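> Let's see this in three dimensions:
(2 chains)
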Amino acid sequence: MIKVVVVGGGWSGCAAALGAAKGGAQVVLCERTDMLLGTGLVGGIFRNNGRYTAAEEAIAMGGGDLFVAMDANTRHKGVEFPGHSHASFYDVATMEPLVKKILQNYGIEIRTKTRVVNVTRYGKKIQAVVVDGGEDIKGDVFLDTTGTAGPMGNCLTYGNGCAMCMLRCPAFGPRVGVAAKCEIKELMGQKADGSFGAMSGSCKLNKDSLSKEIRDQLDSEGVVVLPVPENLRKTSSLGKKACSQYALPEYAANLVLLDTGHAKLMTSYFPIEDLRAIPGLERARYEDPCAGGVGNSMRYLGIAPCSNSLKVESLDNLFCAGEKCMPLVGHTEAVVTGLLAGHNAVRHVLDMQYLELPRSLATGDFIAFTHEQMNVEEGLRKRYTFAGSVYFERMKELSLYSTSRTEISERVAQAGLADIYNSCMV
Amino acid sequence: MRKLLSQCIDINSQYCPCLLADTNHCVFCSHLKGQSVCDCNWSGVCILYEKHWQSKKRTSGNGEIPIRIEVETQFNIINQFSPDVYMLEFEVTSNLAQQLTKTGSFVFLRRPQDPHFYHFPVGIMKVTGNSLQVVIETIGPKSTRIIADDNRQLLVRGPYYNGILGQPWIDNLTNGKVVLIAGGMGQPPALPIAAKLIKNTNEVIAILAPGAIGKTIIGEELCELGVQVHEVSAFRKDGIVMLEELCAKRPDLLVSAGPDDQHYAIINVLQSIDVNIPMAVTNNATMCCGEGICGSCQKETLDNKMICTCKVQTDFTQLVPY
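All right, here's what the predicted structure looks like:
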């Protein structure tokens, strides 16, 4: 039986494990912490703008399990907030066990508190990954979905220090990238000013610490927009954000709160004394990162060079997905790249031609375009997402953006990829 | 048992980050090696962070990097085992004494008025209150200075910790079976090792050989601890046979306290009977500074890395044999 080892249990790792399991492989998913989903444990936004199209493409290609689960676990659907249409918010408090259950139903072996610290390889072929403590996990093919965020030293060097985010490095140990351990020279995303890394773009407030009016509005509408007093506006912090779809002037003039179970605050960090100067937030406190008043996690500090099939260059049997494969933003982006990488991992062992998604699909164009941009000067200073910024503009120009389920599934069928992820190849 | 990962013995102690971090030569932190991103396996407190906060402290006060404690004291010779082998006892501050109770602790000794390069490393044999017992062999220019001219003054510098390669195995083993081989000047540091192993409810069998000093000196004390002691006249003659028998019963850990020749002889025994048991050994590297700076204790590992054995833990069998 084909054995696939996925390292990193965030959204992209979960999707990669699923993609490989659906393709017919035996899958082990290693996660450093005690829960899956990574930053998905505090995220929650999907289906906004072009992400709708990408999610529907994945569903039409037969890889919709995770999106269906998100849909089934939403707190709000069809929410409009500045710059974003038809967004859904899944409930961050209850999402993880649901995903775990789905993966287990596919027979995926989930190993939490299993931190990969090294690899054993002969030449270009990885034989096994080495877990903290010395155990080897052997496999035929490997997936690096370790992300690009943290650990503490990077957050200190490139950001404002460890803000005690959901990644919980001090408790579970630092992220170790598989590609990096194979001596692949990783790329680093940059801020608009050229310095390395970018700060995660949102922090989360404890809902119970907000005024009753705000809480009620969040519960009923999913979104609250609070004007920021003139003296607290800091447009200069916008360029440092990871999520360029929220780096809009509206977000400097207003505080946008979204109800994901937490009150998601669409800014990287906000000093708590300033936050509490805003009516309704007098007692506000942070839920994630714990020190959201001073900073947030730093990302894009280890992107593996890879092809559009998501195979890591210079290695025979390593694929990557999520932030590891390009400077992308968001759960949707992580899931769609994860599915492709997991699927291609199985193809690798079967000596089949790798699947590359055509540019007639938003996902295919997204992967190809982002990889092209990474070779362009300043390309690594931008973030790529279906939800905004340069790529959403491009989606609209190329008429790839659609919210019509029928239209999207027809496109997928025309490309000959209907239900492709559901076909067992073994 | 857990595989022994190479690790700095001072990591996350009050002596970390050390002088090496100041010059971008930290054993562990990639940033403090001059690299641009994190690439470490350490799941304890981030060393870069410690450095970050320490730097703030340093600008606000007089603090230097916490290099070791120095205590000037007087010693008594409480035993002489052979013409050149003396057991010394001396008092130090409670702070230093307390820090020397860790397995593998050692100190540097010299006469207070001598230049610092006269100091030499000595493993701790026993800590009782603030009083330390050590055994020295006065054969070199440094150690001879200690007792020359009826000197009784001593400058003690410490604590240093990397006296045993494989120390985590000793600290972490509980309810196991251990064979301890101690020969010659390896006997004094074997005593606290045995005490630690017994404290962790392990069964310890010791083979003692007189070695170059011509005497076994810790037999009685080991018996009092509850160790099953076998004294042999020569390790190579009788000890090896005994060791082969004991190893066939697959103990959890071997501890070799003695010269490197003894460590290698034991490795040969293990290879000849084809068993693979973790082995902790006393660290016999020549040490001058103890801080990873001077390079005198540097050894090469089988994966072609150079490590300073005064700071870095490793499995002795992973060192290139000389």
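> interface residues of chain B facing chain A?
Contact residues, chain B versus chain A (CB under 8 Å from any CB of the partner chain): B:2-3, B:5, B:29-31, B:36-43, B:45-49, B:52. Where you see a C-beta, it was placed from the backbone N, CA and C, and this is true even at glycine.
> let's see it at 7 Å
Taking CB under 7 Å from any CB of the partner chain, the part of chain B that reaches chain A is made up of B:2-3, B:29, B:31, B:37-41, B:43, B:46, B:48-49, B:52.
> From the residues you listed, keep the buried residues only.
With burial judged by 16 or more other CB atoms under 10 Å in any protein chain shown, the buried subset of the residues of chain B next to chain A is B:C29, B:H31, B:V37, B:C38, B:D39, B:C40, B:N41, B:S43, B:C46, B:L48, B:Y49, B:H52.
> mind checking pLDDT for the fifth one?
Yep, that's B:D39 we're talking about. For B:D39, the pLDDT comes out at 89.
> residues in contact with it?
B:D39 is in contact with A:A180, B:S30, counting by CB atoms under 7 Å, 6 or more residues apart in numbering or on different chains.
> tell me the secondary structure for the residue in the stretch 301-426 of chain A positioned nearest to chain B?
Of all residues in the stretch 301-426 of chain A, A:L301 sits closest to chain B, at 5.2 Å by CB to the nearest CB. Following DSSP: H, G, I helix; E, B strand; the rest coil, A:L301 is assigned to coil.
> Just to check, it is in contact with A:G147?
No - here A:L301 does not reach A:G147: they are 9.5 Å apart, not a contact under CB atoms under 7 Å.
> closest to B:I273 among the buried ones among the residues of chain B next to chain A?
B:N41 (33.7 Å; CB to CB).
> Nearest residue to that closest one in space, please, no chain neighbours.
A:V117 (4.5 Å; CB to CB, 6 or more residues apart in numbering or on different chains).
> Can you list the helices and strands that the helix or strand harbouring the one you found packs against?
Applying DSSP states H and E as the criterion places A:V117 in strand A:116-122. When contacts are defined as 3 or more CB pairs under 7 Å, 6 or more residues apart in numbering or on different chains; DSSP states H and E, strand A:116-122 packs onto strand A:125-131, helix A:178-181.
> and the helix or strand just after the first one, does that touch chain B?
Secondary structure here is assigned by DSSP H and E; on that basis, the next helix or strand after strand A:125-131 toward the C-terminus is strand A:136-138. No - under the criterion of CB under 7 Å from any CB, chain B is not reached by strand A:136-138; the shortest gap measures 10.1 Å.
> what pairs with strand A:136-138, and is each one parallel or antiparallel?
Strand A:136-138 pairs in its sheet with strand A:125-131 (antiparallel), by DSSP bridges.
> Next one: B:D22 from chain A, what distance?
16 Å (CB to the nearest CB, to the nearest Å).
> which parts of chain A sit against chain B?
Within chain A, the positions near chain B by CB under 7 Å from any CB are A:117, A:132-134, A:151-154, A:156-157, A:162, A:172-174, A:176, A:180, A:301-302.
> Start from the N-terminal end of the stretch 51-200 of chain B and give the helices.
Along the stretch 51-200 of chain B, the segments classed as helices by DSSP state H, counting those that start in this stretch run B:94-99, B:141-147, B:167-172, B:187-199.
> Most tightly packed of these?
With neighbours defined as mean count of other CB atoms under 10 Å in any protein chain shown, the helices of the stretch 51-200 of chain B peak in mean count at helix B:187-199, which reaches a mean of 23.
> residues in contact with whichever helix or strand comes after that one?
Downstream of helix B:187-199, the next assigned helix or strand under DSSP H and E is strand B:203-209. For strand B:203-209, the external contacting residues (CB under 7 Å, 6+ apart) are B:177-183, B:187, B:194, B:197-198, B:216, B:218-219, B:222, B:227-232, B:234-235, B:239, B:242-243, B:246.
> From the contact counts, what lies against the lengthiest helix in chain A?
Ranked by residue count and defined by DSSP state H, the top helix of chain A is helix A:331-349. Under the contact definition 3+ CB pairs under 7 Å, 6+ apart, helix A:331-349 sits against helix A:11-22, helix A:51-60, strand A:141-144, strand A:318-320.
> Which one of the ones you listed lies nearest to A:G295?
The minimum distance between A:G295 and the helices and strands packed on helix A:331-349 falls on helix A:11-22, with 22.9 Å, by CB to CB.
> centre of the chain versus the closest one, how much separation?
The chain centre lies 13 Å from the centre of helix A:11-22; the measure is CA atoms, centre = their mean, to the nearest Å.
> And for the closest residue to chain A within the stretch 151-300 of chain B, the neighbour number?
Closest residue of the stretch 151-300 of chain B to chain A, CB to the nearest CB: B:P278 (11.4 Å). Burial measure for B:P278: 20 neighbouring residues, criterion other CB atoms under 10 Å in any protein chain shown.
> you'd agree it is up against B:I170?
No - if you go by CB under 7 Å, B:P278 and B:I170 don't touch, sitting 9.9 Å apart.
> okay if I get the helices of the stretch 51-200 of chain B as JSON lines plus distance to B:L270 and mean pLDDT?
Converted to JSON lines, the helices of the stretch 51-200 of chain B look like this (distance: least, CB to CB, whole Å; pLDDT from 0 to 100):
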{"stretch": "helix B:94-99", "distance to B:L270": "34", "mean pLDDT": "93"}
{"stretch": "helix B:141-147", "distance to B:L270": "33", "mean pLDDT": "94"}
{"stretch": "helix B:167-172", "distance to B:L270": "15", "mean pLDDT": "93"}
{"stretch": "helix B:187-199", "distance to B:L270": "19", "mean pLDDT": "96"}
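> okay if I get those helices as a markdown table plus distance to A:L248?
As requested, those are exported to a markdown table (distance: least, CB to CB, whole Å):
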| stretch | distance to A:L248 |
| --- | --- |
| helix B:94-99 | 56 |
| helix B:141-147 | 71 |
| helix B:167-172 | 53 |
| helix B:187-199 | 62 |
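> Can you tell me which of these is nearest to B:G211?
In terms of CB to CB, the element of the helices of the stretch 51-200 of chain B nearest to B:G211 is helix B:187-199, at 7.8 Å.
> So what's the gap between the closest one and the chain middle?
Relative to its chain's centre, helix B:187-199 lies at 12 Å (CA atoms, centre = their mean).
> Now do that helix: everything it contacts.
Contacts for helix B:187-199 (CB under 7 Å, 6+ apart): B:103, B:123-126, B:134-135, B:163-164, B:170-171, B:173, B:178, B:180, B:182, B:204, B:206, B:208, B:216-218, B:221-222, B:225-227, B:255, B:257, B:282.
> Need the CA coordinates for stretch A:355-367. CSV is fine.
The C-alpha trace of stretch A:355-367 is given here as CSV (Å, rounded to 0.1, in the frame of the first residue of the first chain):
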residue,chain,number,x,y,z
LEU,A,355,-2.1,16.8,-12.1
GLU,A,356,-1.7,20.5,-13.0
LEU,A,357,-4.9,22.5,-12.8
PRO,A,358,-5.7,24.3,-16.0
ARG,A,359,-5.8,28.1,-16.1
SER,A,360,-9.5,27.9,-17.1
LEU,A,361,-10.1,27.3,-13.4
ALA,A,362,-9.6,29.9,-10.8
THR,A,363,-7.5,27.5,-8.7
GLY,A,364,-5.2,26.6,-11.6
ASP,A,365,-4.7,30.2,-12.6
PHE,A,366,-4.1,31.2,-9.0
ILE,A,367,-1.3,28.7,-8.5
